[in-house]
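[1] have a look at this fold, sequence not included:
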C-alpha cells in the first residue's frame, strides 16, 4: 500500500527555524509536495520536489531524497501566522496521476 | 480568475437523504480531484476525473458514492442515503496538467448528517 509518515505536532517560537520531516512508502512515485492549511481553510500549495535536492521559496524550503524516500519542509524566521497544519503529499503515476496526503503536522508558533 | 469554486459551503442532511456537492475548476484546468477530510485528520483521496472520464476512483467507497465531470458544467460528487459517518469536509482540487504537481483547492463543502 501507500503510506506517508510525518510528526503529528511541532511547537516552535517566533523567529526560530523548524523542520518537518516526511517519509513515504509508495509505488509509482513522481514527486513530493507540501501544503499548508489553516483551521477552517483550504489547503494551499507551498512547494514541489521532483528531483533530489533543495528547493527554496522565500522563508520556506523543501528537500527531497528519492533514494531515502524522505523529504522535509524547512520554515525559517517563523511568524505567528505560520501556525497551521502542514501536509506532505506524494504524486503518484499509477496509470493516471493522483496525489495522496500524509496525516499532517500541526505547527504551533509561540511568542 | 475565480479559482476553484465549490458549493454549497455548508450542507445539512438527515440520514437517508442525498447530498450533491459541486465543483467548478479553475479556468484552464481540466483535471479535478475530490478529497475527504475528517476533523484533525489528513486529506483522503477519493476520485480523479477529467472531462467526461473517471481516471482513478480507487479512494471512493463502492456504494452510495459517485462522481462525474460532464462536458459542460461543474464536477459533482453525489452521496446517496447519507449516514452520520459521511459528515466531513469535502475538498475539490484542480490542476492544469495531468502531473498533479500543483493542486489548487476550493474552500470545501462541509457536510453534516443529522
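    That came through fine. The structure presented is a predicted model; accordingly, all values stated were derived computationally and were not measured.
[2] who's the residue positioned nearest the centre of chain B bridged to?
    Centroid-nearest residue in chain B, with C-alpha atoms, centre = their mean: residue B:34, separated by 3.6 Å. Per DSSP bridges, the residues bridged to residue B:34 are residue B:47, residue B:92.
[3] would you confirm that it contacts residue B:76?
    No: at 9.8 Å, residue B:34 and residue B:76 do not qualify as touching, with contact defined as C-beta atoms under 8 Å. Placement of C-beta: from N, CA and C, glycine included.
[4] where in chain A is the helix or strand with the lowest mean pLDDT?
    Scoring the helices and strands of chain A by mean pLDDT, DSSP states H and E places strand A:97-101 at the bottom, with a mean of 90.
[5] and it, which strands flank it?
    For strand A:97-101, pairing defined by DSSP bridges yields strand A:84-93 (antiparallel).
[6] pull out the buried residues from the strand it pairs with.
    For strand A:84-93, burial by neighbour count (16 or more other C-beta atoms under 10 Å in any protein chain shown) applies to A:84-92.
[7] dump those to JSON lines, plus distance to residue B:59.
    JSON lines is the format used below for the buried residues of strand A:84-93 (distance: C-beta to C-beta, whole Å):
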{"residue": "A:84", "distance to residue B:59": "24"}
{"residue": "A:85", "distance to residue B:59": "20"}
{"residue": "A:86", "distance to residue B:59": "22"}
{"residue": "A:87", "distance to residue B:59": "16"}
{"residue": "A:88", "distance to residue B:59": "18"}
{"residue": "A:89", "distance to residue B:59": "14"}
{"residue": "A:90", "distance to residue B:59": "14"}
{"residue": "A:91", "distance to residue B:59": "15"}
{"residue": "A:92", "distance to residue B:59": "12"}
